[in-house]
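Q: Model the structure of this input:
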Amino acid sequence: MPSIDVCYSPELLHLYDLKEKAVVAVDVLRATSTMVTAFAHGATNIIPVMDLAECRTYAAQGCLTAAERNGIKAAGFDFGNSPFSYMQEIIKGRTIAITTTNGTRAIRLSEAAGEIVIGSFLNLQAVADYLQELQQDVLVVCAGWKGKFNLEDTLFAGALVERLRNTFSFANDSAQASLYLYQIAKEDLLTFLWQSSHVRRLEKLGIHEDIEFCLQYDVYNVLPVWRHDRLVDLAVITN
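A: Numbers count the residues shown, from 1 in each chain. Presented below is the predicted three-dimensional model:
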């Protein structure tokens, strides 16, 4: 039986052997939710990068560029990190280079894994179904906030554990803890997260709609996976 484990911060990845594991990278508010939304609206590829300067270079290659720091769209880029920005015709058939405060870092630091899948509540069931097919050990990598633990990514981890618990063993107490936390919160994620640090941070920016949107279950049948140097939607490739 394969196992599932949870890493609460990319800063803890050095404690894990990623080889042959399927990593699920998650930044619920908002990077991975935004990536899932972009694919759902027709993006062909997404290139997650670590810094602003590298992201800018992709504009010369014909890519759309997106950047966020501390919850705010960085100047000089096509998009920020709101999922609503990616519900446009201009997205269709395009490659997007994106850098964010936490999410893109979690993805790139997981490159040693056998597979990287992008997770969010918006595509939770698609991720769970794919992991059932893979039958590999799973590590959920929570993006957190600047290396620190956060609640929303942990709740996603718990939700994924709940959907896989009958066919995956728990590799560590972190999987059990995430499940317990999710079971307390799942009937009303928004209320549970209302006093969390990142929700309060984003609320100050006036983006309550983004928060509500990102906490919806199974809106999209989208499965972003890492291939070579970018993300593609495996749901499109295999259909």
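Q: And the helices in this structure?
A: Assigned helices in the chain, in chain order: 31-40, 52-57, 103-108, 124-134, 151-164, 173-185, 189-193, 197-203, 208-214, 234-237 (criterion: DSSP state H).
Q: lowest average confidence, helix or strand, in the protein?
A: Lowest mean confidence among the helices and strands of the chain (mean pLDDT, DSSP states H and E): helix 197-203, at a mean of 79.
Q: Using PDB, write out every CA atom in that helix.
A: Provided in PDB are the C-alpha atoms of helix 197-203 (Å, rounded to 0.1, in the frame of the first residue of the first chain):
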ATOM      1  CA  SER A 197      -3.000  35.000   9.100                       C
ATOM      2  CA  HIS A 198      -3.100  34.800   5.300                       C
ATOM      3  CA  VAL A 199      -6.800  35.400   5.100                       C
ATOM      4  CA  ARG A 200      -6.500  38.400   7.300                       C
ATOM      5  CA  ARG A 201      -3.600  39.600   5.100                       C
ATOM      6  CA  LEU A 202      -5.600  39.200   1.900                       C
ATOM      7  CA  GLU A 203      -8.700  40.700   3.400                       C
END
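Q: contacts for that helix?
A: Leu29, Arg30, Gly71, Trp145, Asn150, Leu151, Glu152, Leu193, His208, Asp210, Ile211 (C-beta atoms under 8 Å, 6 or more residues apart in numbering). For every residue, glycine as well, the C-beta is placed using N, CA and C.
Q: Can you flag the buried ones in these?
A: Leu29, Arg30, Gly71, Trp145, Asn150, Leu151, Glu152, Leu193, Asp210, Ile211 (16 or more other C-beta atoms under 10 Å).
Q: closest to Tyr58 among those?
A: For the buried ones among the contacts of helix 197-203, the closest approach to Tyr58 (C-beta to C-beta) belongs to Arg30, at 20.3 Å.
Q: I figured that closest one hits Glu209, correct?
A: No. Counting by C-beta atoms under 8 Å, Arg30 stays clear of Glu209, with 11.2 Å between them.
Q: what are the phi and psi angles of Thr101?
A: phi -60, psi -40 (degrees, to the nearest 10).
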